[in-house]
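Engineer: what's the 3D shape of this:
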Amino acid sequence: MSDPGYFGPDSITWEVNRELTVLFGGARALLMHAAHPLIAAGARQTSMYSRDPWARLIRTLMLQSTVTFGSKAEAEEAADKINKLHTKVNGVDPVTGERYDALDHDQLLWVHAALEVSSIYFFERTVRKLTPSERQQYHEESLVAAELILLPRTHVPATYEETEEYVDRMAHSDTMVLTDVAADVAEIIRSGPVPRGVKWMWGFISFAAFGTLPDPLKDLYGVRWSRWRRAWLDANLRLLGLIRPYLPRRFRLIGPAQIAAKRLAGESDIRIIDSMRSTARPSDR
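Structural biologist: I've put the predicted structure just below:
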């Protein structure tokens, strides 16, 4: 068997992160990230959203997927590239007047925690409920990714429950602001462009990403919500959970998970990071 990476197929991280619903969690997390003005300031500096609107979501999911499904060498390579980029992202935010720094531990924590909580949220809504011990195991395994992007585990809440509380507290704080970057990200999530492979379901991913935000962030993004919309979302997530076991693997599991399975079976030597780059090419609107 080739290098299974940091976790391997028996880990809770593989079970959660292999599901296609990781895209739901990634889109939701991206909206949460962009609502933080210091995270938005870093994105503004790199001009990432205006140059390549799909790139930030792919970069967010690339590290998660590569650390989960790649070899240890692939995971470290992906993290090293992100860390080198982060060393150049710093300055003074023109909106708040505060200093932003992509290597700041508080800012890294918000990015890390929002993705962790969002991934678990959609897994539980569409696959199965995790036990408290499984949630905690996922949380502890996610610390590997945190440390790879230079976020010390001592700066991360000790438990999954505390991480959820931290995310909720931040979402309800006056830290969150609708900047120009946040507004641009919202438009990207609403209308693309997105890669052809996920274009067929992106409308629902977008609806679910906005509809499951904490209420203060719904208000911030101007999301019109109602009991009917909530009922429609809940019904469709339940339906997705019911039909999921009967879907072909290519419609249920993300590409990196399928590539990893082939690698461990000795059937392929495709690298996760290379497959994610090809996915990052958006189709025409």
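Engineer: list the helices and strands the helix or strand hosting residue 204 packs on?
Structural biologist: If you go by DSSP states H and E, residue 204 is part of helix 202-211. Applying 3 or more Cβ pairs under 8 Å, 6 or more residues apart in numbering; DSSP states H and E, one finds that helix 202-211 makes contact with helix 22-34, helix 180-191, helix 227-243. From N, CA and C alone the C-beta is placed, and that goes for glycine too.
Engineer: How about the contacts made by residue 186?
Structural biologist: Counting by Cβ atoms under 8 Å, 6 or more residues apart in numbering, residue 186 touches 31, 34, 210, 221.
Engineer: out of the helices and strands packed on helix 202-211, deepest packed?
Structural biologist: Most buried of the helices and strands packed on helix 202-211 by mean neighbour count (mean count of other Cβ atoms under 10 Å) is helix 22-34; its value is a mean of 26.
Engineer: Residues contacting it, please?
Structural biologist: By Cβ under 8 Å, 6+ apart, the surrounding residues in contact with helix 22-34 are 16, 39-40, 43, 56-57, 60-61, 64-65, 110-111, 114-115, 118-123, 126, 167, 171, 179, 181-182, 185-186, 189, 198, 205-206, 208-210, 212-213, 217, 221, 254.
Engineer: and with 7 Å instead?
Structural biologist: Applying Cβ atoms under 7 Å, 6 or more residues apart in numbering, the contact partners of helix 22-34 are 39-40, 56-57, 60-61, 111, 114-115, 118-119, 121-122, 181-182, 185-186, 189, 198, 205-206, 208-209, 212-213, 217, 221, 254.
Engineer: Spatially, which two of the contacts of residue 186 are the most separated?
Structural biologist: Between any two of these, the greatest separation by Cβ to Cβ is 12.3 Å, found for 34 and 210.
Engineer: related to what we said a few turns ago, tell me the buried residues in the next helix or strand after the helix holding residue 204?
Structural biologist: Using DSSP H and E, the next helix or strand after helix 202-211 towards the C-terminus is helix 215-220. For helix 215-220, the neighbour count (16 or more other Cβ atoms under 10 Å) marks 216-218, 220 as buried.
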